[in-house]
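Trainee: Can you look at this prediction? I've put the sequence above it.
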There are 2 protein chains.
Amino acid sequence: MKKKNITIKDVAKKAGVGVGTVSRVINNSPHVNPRTKEHVLKIIQEMGYMPNPHARRLSSGHTKIITTIFPQMVGEFHQLLLSGIDEVFEKEGYTSFVYPLYSENRYKFVRESSDFVLGTDGVIIDALNVDKLLKQYIPKNVPVVSVEFDSQKYDSVILDNFYGGMIAGDYLSNFEGDLFIVTHDRKTKLESTVFEERVSGFIESIERKGRKVAKIFKIDLDWLEAIKVAKAVFSISKKPLIFATTDYFAFPVIEFARIKGLEPKEDFFLCGFDNLTLSSILNITTIKQPIKKMGKTAGEMLLRKIKGYSRKRQTVAFKPELIERNT
Amino acid sequence: MKKKNITIKDVAKKAGVGVGTVSRVINNSPHVNPRTKEHVLKIIQEMGYMPNPHARRLSSGHTKIITTIFPQMVGEFHQLLLSGIDEVFEKEGYTSFVYPLYSENRYKFVRESSDFVLGTDGVIIDALNVDKLLKQYIPKNVPVVSVEFDSQKYDSVILDNFYGGMIAGDYLSNFEGDLFIVTHDRKTKLESTVFEERVSGFIESIERKGRKVAKIFKIDLDWLEAIKVAKAVFSISKKPLIFATTDYFAFPVIEFARIKGLEPKEDFFLCGFDNLTLSSILNITTIKQPIKKMGKTAGEMLLRKIKGYSRKRQTVAFKPELIERNT
DNA sequence: CTGAAAGCGCTTACAG
DNA sequence: CTGAAAGCGCTTACAG
């Protein structure tokens, strides 16, 4: 079954040098005579030699791989975060894999296979309660950075969701009308608490202004449910001010309002969260987070840990901002 | 810098057995006395031993990793495809990584780093012209399966997009009105040709029925552009029959129509493609592809190759089906 | 700048 | 069922 691959030895023999020299060439070591280097490179080319990554990793001790674990894979947000992370690791020659954790099986796999994490120089974990979910399965010597969850154990990059909720509250409480919140309901203690933080910030803000929430709708991350909420809201109130803790919930609301012929900023106000592309297309007021920058920061923190510059655990919190549009 | 890790030797010594026995235990070999196994397992537990994956890979020759390359990471479709792939590999104990190729840098990386592909037992590549883009960078002995692109070199799993276009044509030509196509314009020869195939199938179908297309709109994958198209279509025709080669283009159309107070199946007909979740929510007629099944099939083909059951290159084509809804 | 050799931590015939 | 040993293909002091 095993094909005889071309190894560093074959190259060394054919080039008439030692394996150490070949190794230095493929690792771009400066301690090689340019002539030798050129010659070896030619032989490598001719033979189509490709170094075995596992041997390299075994002897060098590092993998030059990092992996980012996402709770799911829903596009835009993750793509931006990843591009921030990549910006840091590309220039260092790392391969950046993605491991979406969208199924129980995938989660089980991380828990049960030490290979998974040990085969990596470092891990970035997005929007997951690492402390409860994964900490015990991750070997102590593997560097980890948590994003969107403020871990007690690992360096963390988070958004100040409470503050985000506050500026949404500051915005909507400028207007007359009844305040509503559409948010996601956590099913388990392990899910992210960002939605709750956004809600708390919102309530804090409006209560300071002597207002209060007419009703909070807690629903699944599901379009249809959001439509139902919109229906309910517009039947309860003739002038609703709606805070959707994610733009996903804001889209169906605006959709419903349009069907009903209701005018934004006249018949209702709406503030979303996340600033997804669709929000700008649909002209929805929302709260924007510096996603790519968060990714980059997380990448830098991880790289520092990989390189062994250890220091105290730290959390970096980014401030979101209000993007006022036509709702 | 290098911490002394616990190795198989340490475990063997402490357990009073040979390293071979420890190896057999961690690999779940049946040729170990149950008592011995239990004892070794206890020692492993106590010491917190975790086998070094690189050493395993170097000596065993396989990595138990597969990676799926996506041209981007836009959620639903890829998640479904991946879950099909995972279904095959989970039970075999493989780690299934994702490598999104959404940036030129990421693409460059695949080209330039042999580690990337060699560190893997097999690769599934989605919606990419492998033959032109990647073939030359992939070592000959790495098993590859192409999805959504009919490769001349690798096993492929594709959707019969031509047929999909035909059934869309069959559907829309049932009605009176002017036929329009909204489709994506390829920027380079390297992009996927699925959209063109869908268009060809559609035209084939309607021409057989003696009809012809009033106008083809070729646009970027962009909501705003699709809105503009909708505007144009409804100003040109009072009874348009619109084929959107992807549901992404169908959403803005329906959105626009609603704003204008136009009734589907009365003022216009609309047929999308892909059957995204939003299509069912918005009640859009569309063409459905068996995505998860395609993933599973691709996974099975890859696994067969990894296991060395070689046979001729083959292409499996799935038939899409019409999902008639309210448009 | 370069070669010979030890070592990385496993797996796997081989012999018992 | 089990141990001793060779081997996987590199990297990296070490000595020159």
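Mentor: Yes, it's here.
Trainee: so who does residue A:130 touch?
Mentor: Shown in contact with residue A:130 (Cβ atoms under 8 Å, 6 or more residues apart in numbering or on different chains): A:138, A:144, A:146, A:149, A:151, A:153-154. Every residue, glycine included, has its C-beta placed from N, CA and C.
Trainee: can you tell me which of the residues you listed lies nearest to DNA strand D?
Mentor: Nearest to DNA strand D among these: residue A:144, at 23.4 Å, using Cβ to the nearest atom of the strand.
Trainee: Pull the number of nearby residues for the closest one.
Mentor: For residue A:144, the count of nearby residues is 23 (other Cβ atoms under 10 Å in any protein chain shown).
Trainee: ok, back up a step: most neighbours, which of the contacts of residue A:130?
Mentor: Going by other Cβ under 10 Å, residue A:146 tops these with 29 neighbours.
Trainee: who's in contact with the helix or strand where that residue lies?
Mentor: According to DSSP states H and E, residue A:146 maps onto strand A:144-147. Outside strand A:144-147, the residues within contact range by Cβ under 8 Å, 6+ apart are A:81, A:122-128, A:130, A:138, A:154-158, A:294-295, A:298, A:301-302, A:305.
Trainee: re the thing from before, the contacts of residue A:130: which two are farthest apart?
Mentor: Largest separation among the contacts of residue A:130 by Cβ to Cβ: A:138 and A:149, giving 14.1 Å.
Trainee: Check whether stretch A:303-315 comes near chain B.
Mentor: Yes. Applying Cβ under 8 Å from any Cβ of the partner chain, one finds stretch A:303-315 touching chain B at residue A:308.
Trainee: how about that stretch: buried residues?
Mentor: Neighbour counts over stretch A:303-315 (16 or more other Cβ atoms under 10 Å in any protein chain shown) mark A:303-306 as buried.
Trainee: So residue A:258 is in contact with residue B:258, correct?
Mentor: Yes. Using Cβ atoms under 8 Å, residue A:258 makes contact with residue B:258 at a distance of 6.3 Å.
Trainee: what residues does the stretch 101-250 of chain A put near DNA strand D?
Mentor: Counting by Cβ under 7 Å from any atom of the strand, no position of the stretch 101-250 of chain A is adjacent to DNA strand D.
Trainee: any weak-confidence spans in the stretch 101-250 of chain A?
Mentor: Counting by pLDDT under 70, the stretch 101-250 of chain A has low-confidence residues at A:189-190.
Trainee: Tell me which residue of it lies closest to DNA strand D.
Mentor: Ranked by Cβ to the nearest atom of the strand, the top residue of the stretch 101-250 of chain A for proximity to DNA strand D is residue A:121, at 13.4 Å.
Trainee: got it, and the stretch 151-300 of chain A?
Mentor: residue A:299 (22.9 Å).
Trainee: Make sure that residue is indeed in a helix.
Mentor: Yes. The assignment for residue A:299 (DSSP: H, G, I helix; E, B strand; the rest coil) places it in a helix.
Trainee: What segments of the stretch 1-150 of chain A are strands?
Mentor: Listed in chain order, the strands of the stretch 1-150 of chain A (DSSP state E, counting those that start in this stretch) span A:65-70, A:95-100, A:122-126, A:144-147.
Trainee: is the second one anywhere near chain B?
Mentor: Yes. Applying Cβ under 8 Å from any Cβ, one finds that strand A:95-100 is in contact with chain B at A:95-100.
Trainee: Name the nearest of those relative to residue B:110.
Mentor: residue A:95 (9.1 Å).
Trainee: Flag every buried residue along whatever helix or strand residue A:317 lives in.
Mentor: Secondary structure from DSSP H and E places residue A:317 in strand A:315-318. Residues of strand A:315-318 classed as buried: residue A:318 (neighbour count, 16+ other Cβ under 10 Å).
Trainee: counting contacts, what elements does that strand pack onto?
Mentor: Under the contact criterion of 3 or more Cβ pairs under 8 Å, 6 or more residues apart in numbering or on different chains; DSSP states H and E, strand A:315-318 touches strand A:155-159, helix A:291-306.
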